[in-house]
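Novice: One predicted model, sequence on top.
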2 protein chains.
Amino acid sequence: MVQKTRRPAASAKSASAKSLLEASGAAVPKRRGRPRAYQPEIALGKALDLFRKDGFAATSLDDLSAATGMNRPSLYGAFGDKRELYIKSYQRYRADARAAMIDIFKDELPIRKRLERIFAVALDIYLSGDAGPRGCFTVMTAASEAVADPEIRAMVLEGFAELDKAFAACFSRAKEKGELASTADPQVLAQLASATIHTIAIRARARMPRKQLEAIVNGAIDVLVGAAST
Amino acid sequence: MVQKTRRPAASAKSASAKSLLEASGAAVPKRRGRPRAYQPEIALGKALDLFRKDGFAATSLDDLSAATGMNRPSLYGAFGDKRELYIKSYQRYRADARAAMIDIFKDELPIRKRLERIFAVALDIYLSGDAGPRGCFTVMTAASEAVADPEIRAMVLEGFAELDKAFAACFSRAKEKGELASTADPQVLAQLASATIHTIAIRARARMPRKQLEAIVNGAIDVLVGAAST
DNA sequence: TGTTTTTTGTACCATCTCGCAAATAATCCT
DNA sequence: AGGATTATTTGCGAGATGGTACAAAAAACA
């Protein structure tokens, strides 16, 4: 039971929901019928947590129902069937991850510092979780669902491309600023940086200790920025 | 239905089984009861294929039964329950992968050539499969099962360590032979090589075209061997 | 031939799976 | 107040799930 209140204290709830909506700039639509007993945002977050922990197939609708505090028909009405809920969870994950990274990617720091921060944030994301490290949703999704489902596959591939591109922009700028040798290929360095992200995501999932993961990250940074300079 | 013959043509079957046993040096034990209608080796191979395609949770005993040609009681008797079968499949996968790699790792080729060959074999393994690329069992297993299952987790971690170690030995030897700069750290390079393996495993699973995967591999090799030499 | 041993085939169990239909409840609008 | 609208609740149902019991079958042994 998570957000299951028989008497929803409607005023407080709608107030918080309202402020959330207003913050995002949308006009408050004044819904017509019976008010929702759940908040889609946080319900989706709970679903995401579950999917990240167990994967698509091993997560049942009962689990999702229990975690979100919504019973099955409500879940169905709000998010569609299990697959749709999975996709929406994945989109939410991507949005969260992007939000956590984007500032660092854009920051005008020395390349080395920037990489350190990016990888540190990634480790935070992958290692968090009460019941063991949750890893990277993209990697898990790629491993299991992307083979058979074209729509999910497209999202995963787009995720890879997005990360590669962000890293490439990083290295390009660093090269312009003279932090890298003129022979350095930003594209190649970006793919190796992504590879580092992927390897720590997988290894974190197998509960490799943070120290070891940080050692991998530090070694990778040395090669990436030291490779063609100094 | 795969190896389901009502009239097993016992002579041929037992002959091949015998030769297999004799080849491995064991005396033929002359089993006592009703002879098996299946060959454990090839049945395990079929199970492995299924698990690689769909993962643990999404593979049902019915699927396994159909693919191996063994009915459930036989499956259970031969390999134990689903989890045990999964573990045995994973061990088989590791043995196969090791067999495919070990010669190249030991070969006395220039480091660059050796890396090219290793990654090429890896790509062959990850991209093969009738119903889409099968990816790397270790990566898939790490992503889904390793979090919750200590025994599986230990195997996965050991798999990572084994790969890291093999690459490290490669780079160490190359360094001794003067193919790498004296500043090169074989350990770090090995982890980056493993990271490259992991990234192509994941991306292959998302059906990234082989050309692109090869480009990633080539870029990685350039950095790995060019990083501290030339 | 008859006993023993091992594997197979059929059937079954209890549980869980996803999705839905019908009834109930809470709000808005007139 | 009374309909309209939207959500929630209960519970169903057809099927799949992992696992097992039991008898028939096929071989070796005595």
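Specialist: It's in. Numbers count the residues shown, from 1 in each chain, chains lettered A, B, ... in the order given.
Novice: Flag the shaky bits of chain A, pLDDT-wise.
Specialist: A:1-30, A:227-230 (pLDDT under 70).
Novice: What is the end-to-end distance of stretch A:172-186?
Specialist: End-to-end distance of stretch A:172-186: 6 Å, with Cα to Cα, to the nearest Å as the criterion.
Novice: anything in that stretch near chain B?
Specialist: Yes: using Cβ under 8 Å from any Cβ of the partner chain, stretch A:172-186 reaches chain B at A:Asp185. For glycine as for every other residue, the C-beta is placed from the backbone atoms N, C-alpha and C.
Novice: What residues sit buried inside that stretch?
Specialist: Judged by neighbour count (16 or more other Cβ atoms under 10 Å in any protein chain shown), stretch A:172-186 contains these buried residues: A:Ser172, A:Arg173, A:Ala174, A:Lys175, A:Glu179, A:Leu180, A:Ala184, A:Asp185, A:Pro186.
Novice: now stretch A:209-221
Specialist: A:Leu213, A:Ile216, A:Val217, A:Gly219, A:Ala220, A:Ile221.
Novice: contact partners of that stretch?
Specialist: The set of residues external to stretch A:209-221 that reach it, using Cβ atoms under 8 Å, 6 or more residues apart in numbering or on different chains, is A:112, A:115-116, A:119-120, A:123, A:127, A:192-193, A:196, A:199-200, A:203-204, B:185, B:187-188, B:191-192, B:195.
Novice: of the buried residues of stretch A:172-186, closest to A:Gly226?
Specialist: A:Leu180 (9.6 Å; Cβ to Cβ).
Novice: Briefly note if stretch A:92-105 comes near chain B.
Specialist: No: Stretch A:92-105 lies apart from chain B when judged by Cβ under 8 Å from any Cβ; the minimum separation is 14.3 Å.
Novice: Render the CA-only coordinates of that stretch in CSV, please.
Specialist: Output of stretch A:92-105 as CSV, limited to C-alpha atoms (Å, rounded to 0.1, in the frame of the first residue of the first chain):
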residue,chain,number,x,y,z
ARG,A,92,10.3,8.7,-17.5
TYR,A,93,13.7,7.1,-16.7
ARG,A,94,15.3,8.7,-19.7
ALA,A,95,13.9,12.1,-18.9
ASP,A,96,15.2,11.8,-15.3
ALA,A,97,18.6,10.7,-16.4
ARG,A,98,18.8,13.5,-19.0
ALA,A,99,17.8,16.0,-16.4
ALA,A,100,20.5,14.8,-14.1
MET,A,101,23.2,14.9,-16.8
ILE,A,102,22.4,17.8,-19.0
ASP,A,103,23.8,20.6,-16.9
ILE,A,104,27.1,18.8,-16.5
PHE,A,105,27.3,18.1,-20.1
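Novice: Which one of the buried residues of stretch A:172-186 is nearest to chain B?
Specialist: A:Asp185 (6.9 Å; Cβ to the nearest Cβ).
Novice: which of the contacts of stretch A:209-221 are buried?
Specialist: With burial judged by 16+ other Cβ under 10 Å, the buried subset of the contacts of stretch A:209-221 is A:115-116, A:119, A:123, A:127, A:192-193, A:196, A:199-200, A:203-204, B:185, B:187-188, B:191-192, B:195.
Novice: State whether A:Ala122 and A:His198 are indeed in contact, as I suppose.
Specialist: No: because the distance of 10.0 Å does not satisfy Cβ atoms under 8 Å, A:Ala122 is recorded as not touching A:His198.
Novice: Would you mind telling me which of these two has more residues around it?
Specialist: More neighbours surround A:His198 than the other of A:Ala122 and A:His198, with 26 against 22 (other Cβ atoms under 10 Å in any protein chain shown).
Novice: Just give the closest residue to that one, not the sequence neighbours.
Specialist: B:Thr199 (4.5 Å; Cβ to Cβ, 6 or more residues apart in numbering or on different chains).
Novice: who's in contact with the nearest residue to A:Phe167 once chain neighbours are set aside?
Specialist: Spatial nearest neighbour of A:Phe167, excluding adjacent residues (Cβ to Cβ, 6+ apart): A:Ala190 at 3.6 Å. Neighbour list for A:Ala190: A:Asp164, A:Lys165, A:Ala166, A:Phe167, A:Ala168, A:Cys170, A:Phe171 [criterion: Cβ under 8 Å, 6+ apart].
Novice: repeat for A:Ile152
Specialist: A:Tyr86, A:Ile87, A:Tyr90, A:Thr141, A:Glu145, A:Ala146.
Novice: Give me the nearest residue to the first one, chain neighbours excluded.
Specialist: When the adjacent residues along the chain are set aside, A:Tyr86 lies closest to A:Phe56, with 5.4 Å between them (Cβ to Cβ, 6+ apart).
Novice: does that neighbour count as helix, strand or coil?
Specialist: When classified by DSSP: H, G, I helix; E, B strand; the rest coil, A:Phe56 comes out as coil.
Novice: these two touch, right, it and A:Glu145?
Specialist: Yes: using Cβ under 8 Å, A:Phe56 makes contact with A:Glu145 at a distance of 5.6 Å.
Novice: shared neighbours of these two, anything?
Specialist: The contact sets of A:Phe56 and A:Glu145 overlap at A:Tyr86 (Cβ under 8 Å, 6+ apart).
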